[in-house]
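[1] fold the following.
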Amino acid sequence: MDSTLLKALQAKKLRLAYVLVWRNDAKSATHFYAPFPGQASQADFLKFYHDPYTLFENDLRKIYK
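    Here you go, the predicted model:
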(Lines give C-alpha, C1' and ligand atoms only; values in the text may rest on other atoms or scores of the structure.)
Protein backbone atom coordinates (compact mmCIF):
# COMPACT_ATOMS: atom_id res chain seq x y z
CA MET A 1 0.00 0.00 0.00
CA ASP A 2 2.74 2.42 0.92
CA SER A 3 4.68 1.64 -2.23
CA THR A 4 1.73 1.79 -4.63
CA LEU A 5 -1.49 3.36 -3.36
CA LEU A 6 0.10 6.11 -1.27
CA LYS A 7 2.48 7.09 -4.08
CA ALA A 8 -0.42 7.31 -6.52
CA LEU A 9 -2.45 9.49 -4.14
CA GLN A 10 0.48 11.79 -3.43
CA ALA A 11 1.62 12.11 -7.05
CA LYS A 12 -1.01 14.75 -7.79
CA LYS A 13 -1.40 15.94 -4.19
CA LEU A 14 -4.94 14.55 -4.17
CA ARG A 15 -7.23 15.51 -1.29
CA LEU A 16 -9.64 12.62 -1.33
CA ALA A 17 -12.40 12.11 1.18
CA TYR A 18 -12.46 8.34 1.02
CA VAL A 19 -10.53 5.41 -0.41
CA LEU A 20 -11.78 1.85 -0.03
CA VAL A 21 -9.50 -1.14 -0.39
CA TRP A 22 -11.06 -4.55 -0.67
CA ARG A 23 -10.14 -8.15 -1.18
CA ASN A 24 -12.63 -10.62 -2.59
CA ASP A 25 -11.95 -14.06 -1.17
CA ALA A 26 -15.13 -16.03 -0.59
CA LYS A 27 -13.15 -19.26 -0.11
CA SER A 28 -11.17 -18.12 2.94
CA ALA A 29 -12.29 -19.21 6.40
CA THR A 30 -10.49 -16.19 7.88
CA HIS A 31 -11.08 -13.12 5.78
CA PHE A 32 -8.91 -10.05 6.44
CA TYR A 33 -9.29 -6.67 4.72
CA ALA A 34 -5.90 -5.42 5.92
CA PRO A 35 -2.71 -7.33 6.63
CA PHE A 36 -2.76 -9.16 9.93
CA PRO A 37 0.28 -9.45 12.24
CA GLY A 38 2.90 -11.63 10.59
CA GLN A 39 1.41 -11.35 7.09
CA ALA A 40 3.93 -10.58 4.31
CA SER A 41 2.67 -7.05 3.61
CA GLN A 42 2.25 -6.01 7.26
CA ALA A 43 5.28 -3.68 7.26
CA ASP A 44 4.16 -1.93 4.07
CA PHE A 45 0.65 -1.43 5.44
CA LEU A 46 1.99 -0.01 8.72
CA LYS A 47 4.07 2.54 6.78
CA PHE A 48 0.88 3.52 4.93
CA TYR A 49 -1.12 3.66 8.17
CA HIS A 50 1.41 5.84 9.99
CA ASP A 51 2.06 8.23 7.11
CA PRO A 52 0.80 11.74 7.98
CA TYR A 53 -0.96 11.91 4.59
CA THR A 54 -3.42 9.17 5.58
CA LEU A 55 -6.27 9.35 8.05
CA PHE A 56 -8.00 6.41 9.67
CA GLU A 57 -10.97 6.25 12.02
CA ASN A 58 -8.76 6.63 15.11
CA ASP A 59 -7.42 9.91 13.69
CA LEU A 60 -10.90 11.45 13.62
CA ARG A 61 -11.33 12.40 17.26
CA LYS A 62 -14.77 13.69 18.22
CA ILE A 63 -15.84 13.95 14.59
CA TYR A 64 -19.53 13.53 15.43
CA LYS A 65 -19.63 15.80 18.51
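[2] how many neighbours does the spatially closest residue to residue 49 that is not a sequence neighbour have?
    Setting aside the residues directly before and after it, residue 49 is nearest to residue 56 in space (Cβ to Cβ, 6 or more residues apart in numbering), at 6.5 Å. No exception for glycine: its C-beta is placed from N, CA and C like everyone else's. For residue 56, the count of nearby residues is 10 (other Cβ atoms under 10 Å).
[3] how close does residue 56 sit to residue 19?
    Separation of residue 56 from residue 19 (Cβ to Cβ, to the nearest Å): 11 Å.
[4] and residue 9, what does it touch?
    Counting by Cβ atoms under 8 Å, 6 or more residues apart in numbering, residue 9 makes contact with 16, 19, 53.
[5] likewise residue 53?
    By Cβ under 8 Å, 6+ apart, the contact set of residue 53 is 6, 9-10.
[6] flag the least confident of those residues.
    The member of these with the lowest pLDDT is residue 9, at 83.
[7] secondary structure class for that residue?
    Following DSSP: H, G, I helix; E, B strand; the rest coil, residue 9 is assigned to helix.
[8] and of the contacts of residue 53, the nearest to residue 64?
    Nearest to residue 64 among these is residue 9, at 25.2 Å by Cβ to Cβ.
[9] for the residue lying closest to residue 51 once chain neighbours are set aside, which residues are in contact?
    Once flanking residues are discounted, residue 51 sits nearest to residue 6: 6.0 Å by Cβ to Cβ, 6+ apart. For residue 6, the contacting residues are 47-48, 51, 53-54, by Cβ under 8 Å, 6+ apart.
[10] which one of the residues you listed has the most neighbours?
    Neighbour counts for these, by other Cβ under 10 Å, peak at residue 48, which reaches 22 neighbours.
[11] and that one, which of the three is it?
    Here residue 48 is helix, with the state taken from three-state DSSP.
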